[in-house]
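Engineer: Mind folding the following:
(one chain, ligands or ions: 1)
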Amino acid sequence: MTASTTCPRIVILGGGFGGLYAALRLDRLDWGDRRPEIVLVDRGDRFVFLPLLYELMTGELQSWEVAPPFSELLVGTQIRFVQAPVEAIDLDGRQVSLGGDRPQQLTYDRLVLALGCETPMDWVPGAADYAFPFRSIADAYRLEDRLRALEATDSDKIRIAVVGGGYSGVELACKLADRLNDRGRLRLIEKSDQILRNSPNFNRKAADKALEERGIWIDWETGVRDIGPDRIMLDYRGHLEDIPVDLTIWTVGNRVPDLVRGLPLAKNERDQVLVQPTLQTRDRPEIFALGDIAEMRDAADPTASPVPSTGQAALQAGDYAGWNVWASLCDRPLLPFRYQHLGEMLALGNTSATLTGLGLQLDGPLAYAARRLVYLYRMPTLEHQIKVGLNWMAKPLLDRLSDLSTPRR
Ligand SMILES: Cc1cc2nc3c(=O)[nH]c(=O)nc-3n(C[C@H](O)[C@H](O)[C@H](O)COP(=O)(O)OP(=O)(O)OC[C@H]3O[C@@H](n4cnc5c(N)ncnc54)[C@H](O)[C@@H]3O)c2cc1C
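Structural biologist: Numbers count the residues shown, from 1 in each chain. As a prediction, this is how the structure comes out:
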């Protein structure tokens, strides 16, 4: 397939927070009679709203709410979705090679790189074989299967080690503690002397309290030496201890995928692609990069640290990237990326959360409800927001009806 000379082709690689929101933005812009072909490529068939992935482990939400299929989200748009793994990108030939069942080449006039990061599973021996990562819908299903198998045994306690006291480790540990109740024996392994190092004090304190209330043991200043099928070896200041566990979950690290690392584009020491304020890569103005794989800076303060690798940042950048791709094809001025930090929210179990942002600090059930509403508002399309919102409103009623119809003994 080649890009035609009359109709330019925009290829967006990765349908996560950066790529999908950029595609939707592009589709909505006014192209007049110069509408290009917009192609969105992802190896999966669904967009995953990662901040709500934990809710699948407790049954609070269902897959269709957290991970709607692209085919549904893109109804009514002119975006062409291709489900395939990206295998190579030829920058000089402006061509992307897709693998999978139907390998194909896609040429592009503009390329948007939004492939996200991966969880490195090779930092300690045994992690790749025995630890469970938690970054995709497939990871969530695999973890669910393992939990069900453990729940079906007759052992008194289910012993779980969660490696990493960052957002994912803390949120997942609280959710699993609430799922397993008295049966769960959870420990969180953190290499420093505090959890959530980059969080506001209010959120950190709320998280500390939530972990304590759930009896989650924290191994402070502790590293992991290796992981086995039913054990984990911890390293506390050189003192090694082998701990028996039923399940180890690895939540540490954010690695730029090899495909992006191998591209001849300028990068930082973490292999993130360096971009101009317009999100164009420094070397190739026809290529835009955003989200976790890019070092993005707020144009209002370019000397400040790069913006964090979060969904919030990727989503905002998606909006700018969409606009700027359009502007670059329509001879209009491109906009410098401005990041607005709206705050931070964390789920702390089945009924509680904490949030700090926009002058507000909230925890407990009110924060839980506010977090849900904010995420509902952030969902990619109005149709999906309505479907999910209606379901959330109807659920308490349906649960009550089902309770009433269950015969009492
Ligand atoms: C469990 C979890 C919870 C999180 N919670 C929060 C939160 O509460 N708030 C927050 O702001 N951020 C949160 N984050 C971080 C946030 O999700 C990421 O920063 C954000 O998703 C980055 O967006 P992205 O577009 O760069 O990448 P992603 O959203 O990861 O999207 C990348 C896409 O590229 C696709 N892809 C990758 N490689 C290929 C390939 N070779 N071929 C084809 N397709 C490919 C993937 O399938 C994926 O759909 C969380 C992350 C995780 C893992």
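Engineer: List phi and psi for the residue in the stretch 51-200 of the chain positioned nearest to the ligand.
Structural biologist: Closest residue of the stretch 51-200 of the chain to the ligand, C-beta to the nearest ligand atom: residue 116 (2.5 Å). Using the backbone N, CA and C atoms, a C-beta is placed for each residue, glycine as well. For residue 116, the backbone dihedrals (degrees, to the nearest 10) come out as phi 70, psi 180.
Engineer: Next up, the contacts around it.
Structural biologist: Each residue near residue 116 by C-beta atoms under 8 Å, 6 or more residues apart in numbering is listed here: 14, 16, 18, 257, 291-293.
Engineer: any idea how far residue 387 is from residue 262?
Structural biologist: 40 Å (C-beta to C-beta, to the nearest Å).
Engineer: Between the two, which is the more surrounded one?
Structural biologist: residue 387 (16 against 11; other C-beta atoms under 10 Å).
Engineer: Show me what the helix or strand containing that one is in contact with.
Structural biologist: Element membership of residue 387 [criterion: DSSP states H and E] is helix 382-405. Surrounding helix 382-405, the residues in contact under the criterion C-beta under 8 Å, 6+ apart are 65, 68, 72-73, 75-76, 372, 376-377, 379.
Engineer: Now with 7 Å, please.
Structural biologist: If you take C-beta atoms under 7 Å, 6 or more residues apart in numbering as the criterion, helix 382-405 is touched by 65, 68, 73, 376, 379.
Engineer: For the last one, the count of nearby residues, please.
Structural biologist: As a burial measure, the neighbour count of residue 379 was computed by other C-beta under 10 Å and equals 21.
Engineer: Check the second one too.
Structural biologist: Around residue 68 sit 21 other residues, with neighbours defined as other C-beta under 10 Å.
Engineer: Save the contacts of helix 382-405 as CSV, and put in pLDDT too.
Structural biologist: Output for the contacts of helix 382-405, formatted as CSV (pLDDT from 0 to 100):
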residue, pLDDT
65, 96
68, 98
73, 98
376, 96
379, 96
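Engineer: Closest to residue 209 out of the residues you listed?
Structural biologist: Proximity of the contacts of helix 382-405 to residue 209 (C-beta to C-beta) peaks at residue 376, which lies at 26.3 Å.
Engineer: Next, that closest one: secondary structure please.
Structural biologist: Of the three states, residue 376 takes helix under DSSP: H, G, I helix; E, B strand; the rest coil.
Engineer: Pull up the residues of the stretch 151-300 of the chain that are close to the ligand.
Structural biologist: Within the stretch 151-300 of the chain, the positions lying close to the ligand (C-beta under 6 Å from any ligand atom) are 167-168, 257, 259, 291-292.
Engineer: Among those, which lie within strands?
Structural biologist: For these, not one is inside strands, with DSSP state E as the criterion.
Engineer: Widest-spaced pair of those?
Structural biologist: Farthest apart among these - using C-beta to C-beta - are 167 and 259, which lie 25.4 Å from each other.
Engineer: These two: who's more crowded?
Structural biologist: More neighbours surround residue 167 than the other of residue 167 and residue 259, with 22 against 16 (other C-beta under 10 Å).
Engineer: quick one, what contacts the more buried one?
Structural biologist: Applying C-beta under 7 Å, 6+ apart, the residues near residue 167 are 196, 346.
Engineer: Mind pulling up the pLDDT for it?
Structural biologist: We have a pLDDT of 96 for residue 167.
Engineer: Roughly how far does it sit from residue 10?
Structural biologist: 32 Å.
Engineer: same deal with residue 401?
Structural biologist: Taking C-beta to C-beta, one finds residue 401 at 48 Å from residue 10.
Engineer: same deal with residue 374?
Structural biologist: Noted for residue 374: a distance of 30 Å to residue 10, by C-beta to C-beta.
Engineer: Over to residue 19?
Structural biologist: 11 Å.
Engineer: Can you check which residues contact both of these two?
Structural biologist: The contact lists of residue 19 and residue 10 share residue 112, where a contact means C-beta under 7 Å, 6+ apart.
Engineer: just to revisit the earlier point, among the residues of the stretch 151-300 of the chain next to the ligand, which one lies nearest to residue 186?
Structural biologist: Checking these against residue 186 with C-beta to C-beta, the nearest one is residue 168 at 14.0 Å.
Engineer: The closest one - nearest residue in space that isn't next to it in sequence?
Structural biologist: Closest residue to residue 168 apart from its sequence neighbours, by C-beta to C-beta, 6 or more residues apart in numbering: residue 251 at 3.9 Å.
Engineer: ok so, going back, so which bits of the helix holding residue 387 are buried?
Structural biologist: For helix 382-405, a neighbour-count test (16 or more other C-beta atoms under 10 Å) marks 384, 387-388, 392 as buried.
Engineer: Likewise for stretch 100-108?
Structural biologist: Buried positions in stretch 100-108, judged by neighbour count with 16+ other C-beta under 10 Å: 106-108.
Engineer: Could you save the residues you listed as TSV and add columns showing distance to the ligand?
Structural biologist: Below are the buried residues of stretch 100-108 laid out as TSV (distance: C-beta to the nearest ligand atom, whole Å):
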residue	distance to the ligand
106	12
107	17
108	15
